[in-house]
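>>> Please work out how this folds:
(2 chains)
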Amino acid sequence: MTTIYDRGAPGRRAVALPPLAQPEEQVLAGIPAELRRTGAPRLPAVSQPELVRHYTALSRMNYGVDTGFYPLGSCTMKHNPKLHEDLVRHPGLADLHPLLPAEECQGALALLWEMGECLKGVAGMPGITLQPAAGAHGELTGMLLIKKWLEDRGELGTRTKILLPDSAHGTNPASAAMVGFSVVSLPSDRRGLVDLTALRGALGPDVAGIMLTVPNTLGLFEEDILTITSLVHDAGGLCYFDGANLNAYVGRARPGDMGADVFHINLHKTFSTPHGGGGPGAGPVTVSEALLPYLPVPEVVREGEEFKLVWDRPKSIGRVHPYFGNVLVIAKALAYILTLGDDGLREVSAGAVLAANYLKAKLAGPYKLPYDRLAKHEFVLSGEGLDGVRTLDIAKRLMDYGFHPPTVYFPLIVREALMIEPTETEPRETLDAFAAAMLAIAREAREQPELLHDAPHTTPVRRLDEARAVREPRLKVDLGDRKARP
Amino acid sequence: MNPYLPHTAADIRAMLEAIGAPDVDALFSDIPAAVRDRYQPLGLPPHDELWVQRHLTALAERSTGRQLIPFLGGGLYDHYIPPVVGHILSRSELATAYTPYQPEVSQGTLTWMFEYQTMICELTGMEVANASMYDGATALAEAVLMAHRVTGGRRVLVPRSLHPRAREVLATYAWGADLTLHEVPYDEDGRLALGQIPDGACALIVQQPNALGVLEDLTGLKDRLGEAFLIAYANPIPLAVIEPPGSFGADVVVGEGQPLGNPLSFGGPLLGFFATRMTHLRRMPGRVSGQTRDVDGKTGYVMTFQTREQHIRREGATSNICTNSALCALAATVYLAAMGQEGLKRVALLSFERAHALATRIARVPGYRLAFGGPFFHEFVVRCADPVGAVAKLRRAGIAVLPPRVLAPLGIEDGFLVAVTEKRTQEELDRFMSALEGK
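Numbering: from 1, shown residues only, chains lettered A, B, ... in the order given. Got it, this is the predicted structure:
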């Protein structure tokens, strides 16, 4: 692909800026010689039309939710309401500096407080921090909270293990490891759920807690959830819930009622904010009574019509974000909750689960369904049954049919996994068209497997050599001896 | 039916029939009844778009701080954002995509990431950059964790002149990873006063310019550190005209990328940038776009060196980060491309020139002086007998300066911090002076 460095010519510029008051050399001379930059950073030199054409061209080589169906499992690629994008451009949000005194930021603090109340309600839990900037950041925050709780109880040296079902999200073990916990993997049973016997065997005085993804990455609800959480609590541990899959039950069940002590919520999943090509997201964390004293500071507190920041939390883990979290993302998610209300939230999980089970019914048979149970918001197929082709081939061939592929090769406990999450915002016609494409691909796999092996055929580039990218790393534009102009 | 839900009653009936379920509630029978029965609604009715618009607008308008002329810094800066940046960001093919797991349909994202990595390397003088972190503070914390992974040391030398918020976040991460922070004082010029380096040090952090606004001289620091990392926490705008930390042997350069085309946003979302040396590539956190070829020999881009990452390495990963700050990194990319080398230099020098003009005028007012003799860039500390009174005086004239208490963690009780960007006009500088002089 052409990069922006391939465009333009020396001397071109895309923005007209004010002049300096003094000659440039004179201003530069004000910088001590030993600090002055000797070789300027090499940046593109493009006019505004070239700039706009380049990035418009790049956008046309991309596939987003606004382009089409994006059934990427565990990512909840639902529609991103357009109203929200306009609302957060208001200078009262976009141009507000977070270090201003609280009395100058009352509206922004009111917004954070309102969102905190909403999410505590969604979770059914009494405490919250909005600071985490993404789901994994929320996981890290949760692990820090558990560590602090252990320290406070004098159990830090003894409870060192975090139990992790093998159907949990991939970030979970990395988050636990970042705060020094060792990870013990729990096998799934034949149902695809946590194996209670294995859980009982793993629990003991050295266990800090469990990290559960509910529903799990097979898209299955942990039917024994109340047993699991009470077993962990009885053994003296805490229960972390990964909320990436909240879209499956929002508006009709709450982690607080299932025994959760920490729960993170991906606002860019369940609450509709755009994924941005990989962020920014937001990963607020709600907590049970036990963990309230350890939440990050400051807390936004309402006193009458005023909003205050409370710093006096001596047992707090401290800050996980330099300010208040991803406020603009939070504002979009709040707008979403306010638009939907209770009934709308209930419709979300209804629509998501309906769509997933509908697609599952259409695709099971031609595709192997390793765990044939009621699905929640997503389900996992295996490409194993199709001879001579791999799941990767199916994924690539879907692109030729105009669809974004599902998550592939995850969860690791299903061979050749295809993890499909349709979300509630897709019309039935789209689901039908996707199912038809999947069935056509299953036929092609038998009759013309080379169509799949060579796929995709219609994309801006075809299959890329990933091994080469590692063998001969090229991680930036080769500017060669291109000189920066003095 | 909510406006984002296309399923009609007929659709729902047909779908239930295909599933073989009697009703929607049957699809939730796997959630224990005890849990479902305990559910308490939020007590929220649905609202129309006009109501939601009014509600959010009213909240935005309630913050009085938005009407003030900002001379605010302290880590986030009010630079000009050319409208072209926002227009590119609203290309929804870019904004509504996710992580580019499937490169054939993500060449847009992967190409701009590759451009971004190039630009960050150019600015910092480093060899390789990742595709973004959440913000500068967590990028710094991740740099310290990486220094620990590479060197094995557990002591981190942290300047007192480090941005207090970055320090607080670092302290949280360090506690989590069982690392200890050792404070390095600053001298009377406001510059790093590095004494003896303790055993077991894994890194020294230097902020450029530091939280007092003073420019540090990085010469010779890396030689003194040996194997321990030199980590620079840098503001990207001054790097247009200041020798980058890479030239002084820095092992990692991180920083807050907000000044590059991203609004203040009440502190989020932000952009952490992270650059290092190729020798440390496999220890680096975060995503990286790399160039390769497709089966036809055509150039294309993929996410590469993924074996470092959590979805493959699980607990052995270099970090747990996955979703990062991609759209903010795109803003930085478009901003830097729009500015170019000359434009970025102009922004830096305008900020420098206007800050110095204002500082000179303030220092002439009796009772006010610059706190430090060291060279500064576009932010400086003013000392006076009554900083709270001075800031209040400015506030009455519609000018915002950060509350003096933000300097307390830096050991300054009798001063306030002033930042100037290219957006502040001559008239605004005059207004600042009139207010301070009480005219």
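>>> quick one: A:Arg346 and B:Val24, what's the gap?
With distances defined as Cβ to Cβ, to the nearest Å, the gap from A:Arg346 to B:Val24 amounts to 9 Å. Heads up, the C-betas are built off the backbone N, CA and C, glycines and all.
>>> give the contact list for the residue in the stretch 251-400 of chain A positioned nearest to chain B.
Nearest residue of the stretch 251-400 of chain A to chain B: A:Tyr323, at 2.6 Å (Cβ to the nearest Cβ). Contact partners of A:Tyr323, counting by Cβ atoms under 8 Å, 6 or more residues apart in numbering or on different chains, are A:98-99, B:165, B:266-268, B:270.
>>> got the contact list for stretch B:345-362?
Counting contacts by Cβ under 8 Å, 6+ apart, the residues outside stretch B:345-362 that touch it are A:17-18, A:20-22, A:24, A:27-28, A:30-31, A:40, B:79-80, B:237-238, B:240-241, B:339, B:368, B:370, B:376-380, B:382, B:418-422, B:424, B:429, B:432-433, B:436.
>>> can you count the residues close to the residue of the stretch 201-350 of chain B found nearest chain A?
Among residues of the stretch 201-350 of chain B, the one nearest chain A by Cβ to the nearest Cβ turns out to be B:Gly267. It sits 2.6 Å away. Around B:Gly267 there are 26 other residues, counting by other Cβ atoms under 10 Å in any protein chain shown.
>>> mind pulling up the phi and psi values for it?
Reported as degrees, to the nearest 10, the phi and psi values for B:Gly267 are phi 90, psi 10.
>>> quick one: it and B:Gly75, what's the gap?
Counting by Cβ to Cβ, the gap from B:Gly267 to B:Gly75 is 9 Å.
>>> Quick check: neighbours shared by these two?
When contacts are counted by Cβ under 8 Å, 6+ apart, the set common to B:Gly267 and B:Gly75 consists of A:99, A:322.
>>> if we can go back for a sec, chain neighbours aside, what residue packs nearest to the residue of the stretch 251-400 of chain A closest to chain B?
B:Gly267 (2.6 Å; Cβ to Cβ, 6 or more residues apart in numbering or on different chains).
>>> Let me see the confidence value for that neighbour.
According to the prediction, B:Gly267 has pLDDT 98.
>>> A:Lys483 now?
In the predicted model, A:Lys483 carries a pLDDT score of 59.
>>> With A:Ala168 instead?
The predicted structure scores A:Ala168 at 86 on the pLDDT scale.
>>> Count the residues that sit near the nearest residue to it once chain neighbours are set aside.
Setting aside the residues directly before and after it, A:Ala168 is nearest to A:Thr213 in space (Cβ to Cβ, 6+ apart), at 4.6 Å. By other Cβ under 10 Å, the residues close to A:Thr213 number 24.
>>> Contacts only, for A:Thr213.
With contact set as Cβ under 8 Å, 6+ apart, A:Thr213 has these partners: A:165, A:167-169, A:172, A:241-242, A:244-245.
>>> Mind giving me the PyMOL command for buried ones among these?
One line in PyMOL is enough to select the buried members of those, burial here meaning 16 or more other Cβ atoms under 10 Å in any protein chain shown:
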select buried, chain A and resi 165+167+168+169+172+241+242+244+245
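>>> Doesn't B:Phe432 belong to a helix?
Yes: when the secondary structure is assigned by DSSP: H, G, I helix; E, B strand; the rest coil, B:Phe432 falls within a helix.
>>> residues in contact with it?
Counting by Cβ under 8 Å, 6+ apart, B:Phe432 touches B:69, B:71, B:358, B:394, B:397, B:399.
>>> can you pull out the strands in the stretch 1-150 of chain B?
Counting by DSSP state E, counting those that start in this stretch, residue ranges of the strands within the stretch 1-150 of chain B are B:69-70, B:128-129.
>>> still on that earlier bit, in terms of contact, does the residue of the stretch 201-350 of chain B closest to chain A touch B:Leu76 like I think?
Yes: contact status for B:Gly267 versus B:Leu76: in contact at 6.8 Å, counting by Cβ atoms under 8 Å.
>>> that older thread, for the residue of the stretch 251-400 of chain A closest to chain B, helix, strand, or coil?
In terms of secondary structure, A:Tyr323 is coil; the call rests on three-state DSSP.
>>> Output the below-cut-off pLDDT ranges for the stretch 301-439 of chain B.
Low-confidence segments of the stretch 301-439 of chain B, defined by pLDDT under 70, are located at B:439.
>>> A:Thr2: how many residues sit nearby?
Other residues near A:Thr2 come to 11 when the count uses other Cβ under 10 Å.
>>> Next one: it from chain B, what distance?
As defined by Cβ to the nearest Cβ, to the nearest Å, A:Thr2 lies at a distance of 8 Å from chain B.
>>> Would you agree that residue is in contact with A:His54?
Yes: with contacts defined as Cβ under 8 Å, A:Thr2 counts as touching A:His54 at a distance of 7.4 Å.
>>> list the contacts for A:Asn326?
Counted by Cβ under 8 Å, 6+ apart, A:Asn326 has contacts A:133, A:267, A:280-282, B:265, B:268-269.
>>> Which phi and psi values does the residue lying closest to B:Thr96 once chain neighbours are set aside adopt?
Spatial nearest neighbour of B:Thr96, excluding adjacent residues (Cβ to Cβ, 6+ apart): A:Gly64 at 3.5 Å. Main-chain dihedrals, A:Gly64, degrees, to the nearest 10: phi -120, psi 180.
>>> got the contact list for A:Gly64?
In this structure, A:Gly64 makes contact with A:70, B:92-97, judged by Cβ under 8 Å, 6+ apart.
>>> now swap in A:Ser175 and tell me
Contact analysis of A:Ser175 by Cβ under 8 Å, 6+ apart lists A:136, A:139-140, A:142-143, A:211, B:320.
>>> Please give the element, helix or strand, for the nearest residue to it once chain neighbours are set aside.
Distance criterion Cβ to Cβ, 6+ apart; nearest residue to A:Ser175, sequence neighbours excluded, is A:Glu139 at 3.7 Å. Following DSSP states H and E, one finds A:Glu139 within helix A:135-152.
>>> same thing with A:Glu347?
Mapping A:Glu347 onto the secondary structure by DSSP H and E places it in helix A:327-363.
>>> what packs against that helix?
helix A:82-87, helix A:91-94, helix A:106-123, strand A:379-382, strand A:417-420, helix A:428-447, helix B:9-19, helix B:49-62 (3 or more Cβ pairs under 8 Å, 6 or more residues apart in numbering or on different chains; DSSP states H and E).
>>> for the nearest residue to B:Leu179 once chain neighbours are set aside, what are its contacts?
The spatially closest residue to B:Leu179, leaving aside those adjacent along the chain, is B:Arg154, at 5.0 Å (Cβ to Cβ, 6+ apart). Each residue near B:Arg154 by Cβ under 8 Å, 6+ apart is listed here: B:148, B:178-180, B:200, B:202.
>>> remind me, longest strand of the chain?
The chain I'm using is chain A. Of all the segments assigned as strand in chain A under DSSP state E, the longest by residue count is strand A:207-213.
>>> actually chain B
strand B:201-208.
>>> ok now do the closest residue in space to B:Lys393 that isn't next to it in sequence, which residues does it touch?
Computed as Cβ to Cβ, 6+ apart, the closest residue to B:Lys393 that is not its neighbour in sequence is B:Ala435, at 5.7 Å. Contacts were defined as Cβ under 8 Å, 6+ apart; by that measure B:Ala435 touches B:393-394, B:396-397, B:399.
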